[in-house]
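J.: Sharing a sequence plus its predicted fold:
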Amino acid sequence: MTVDLLKRIENGETSFLKLDVDELDLRDIEATDLSFRQCTFAKVDFGNAYLEGMTCTDCKFVDCSFVGAVLEDSTFLRTSFYRINQPCVFARADLRFSTFEGCDVRLCSFQYARLLKSTWKETNATGADFFRAEFGRAVVINDCHFRMTDLREADLRGCDLSKTDFEQANLENAKLQEANLSSCNFAGSNLRYAVLKGADCWGANISSFDIRTMDLTDVKIYESQGKVLLENAGLALFDD
């Protein structure tokens with residue numbers, strides 16, 4: 001089946017169903033608009049592959065490498081890139097305009113990946129590494145699990161991150177100006193030196209916010225949230 005996949009791609013075939021592919025070297029392959037449905041890939045190397053417009057639906061990727069791959073305008077629906085001790089690697093991958101919906105990318109590495117205009121919905125990215133990933137102020141992350149993720153120095157200005165769980169995430173030095181952070185969970189997260197100027201934080205769990213180390217100028221919050229900020233700063237509040 002593995003050799004057959006290469007031949008089928010070389011022959012111009014673009015749609016594949018229920019394939020099982022093991023230990024295949026697809027580095028530098030060039031193919032656009034491929035469609036995979038209910039396929040499983042294990043230890044497949046997609047390094048520096050050009051796979052623009054790829055669609056994966058109900059697929060599984062185990063211990064696969066997409067290092068430096070071009071996956072621009074690709075769509076991943078209900079697709080898993082995680083197995084215990086065998087997550088996938090997207091370091092330096094081009095994922096601009098891509099969509100992850102209902103996916104599992106736990107512990108995957110997206111270091112230095114290009115994620116401009118990407119959309120993430122109902123996706124589990126717990127423990128994933130986005131250090132120095134390029135968001136370019138243009139990404140949507142809605143209703144996702146980004147617990148314990150590495151988002152240090154992330155540029156998420158003006159992005160819609162609503163209803164996402166960032167519990168214990170590392171957002172040190174993150175740029176979150178004008179972002180939509182409504183109903184997000186930041187419990188236990190590290191936001192040291194993060195900038196949230198003008199961000200919408202209505203209904204968010206901001207129990208880890210510290211006004212002494214963050215720029216919260218013009219942040220939109222409820223009065224009850226404001227009391228949390230003051231208490232975190234060590235101020236004692238009394239009724240008149």
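T.: Received, thanks.
J.: Could you list the low-confidence segments of the chain?
T.: The chain contains residues with pLDDT under 70 at 1-3, 235-240.
J.: Helices along that one, start to end?
T.: Taking DSSP state H as the test, the helices found in the chain are 2-10, 223-232.
J.: Count the residues that sit near L17.
T.: 10 (other CB atoms under 10 Å). In this view, the C-beta of every residue, glycine as well, is placed from N, C-alpha and C.
J.: what residues are up against it?
T.: 36-39 (CB atoms under 8 Å, 6 or more residues apart in numbering).
J.: how about those in a markdown table, adding distance to S65?
T.: Formatted as a markdown table, the contacts of L17 follow (distance: CB to CB, whole Å):
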| residue | distance to S65 |
| --- | --- |
| F36 | 17 |
| R37 | 22 |
| Q38 | 22 |
| C39 | 17 |
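J.: Would you mind measuring the gap between the ends of stretch 108-123?
T.: 12 Å (CA to CA, to the nearest Å).
J.: same deal with stretch 10-18?
T.: OK, stretch 10-18 end separation, CA to CA: 19 Å.
J.: same check, this time on stretch 206-224
T.: End-to-end span of stretch 206-224 (CA to CA): 11 Å.
J.: Pull out the buried residues from it.
T.: 206, 208-209, 214-216, 219, 221 (16 or more other CB atoms under 10 Å).
J.: Surely T32 is in contact with Y50?
T.: Yes. Applying CB atoms under 8 Å as the test, T32 and Y50 come out as touching, 7.5 Å apart.
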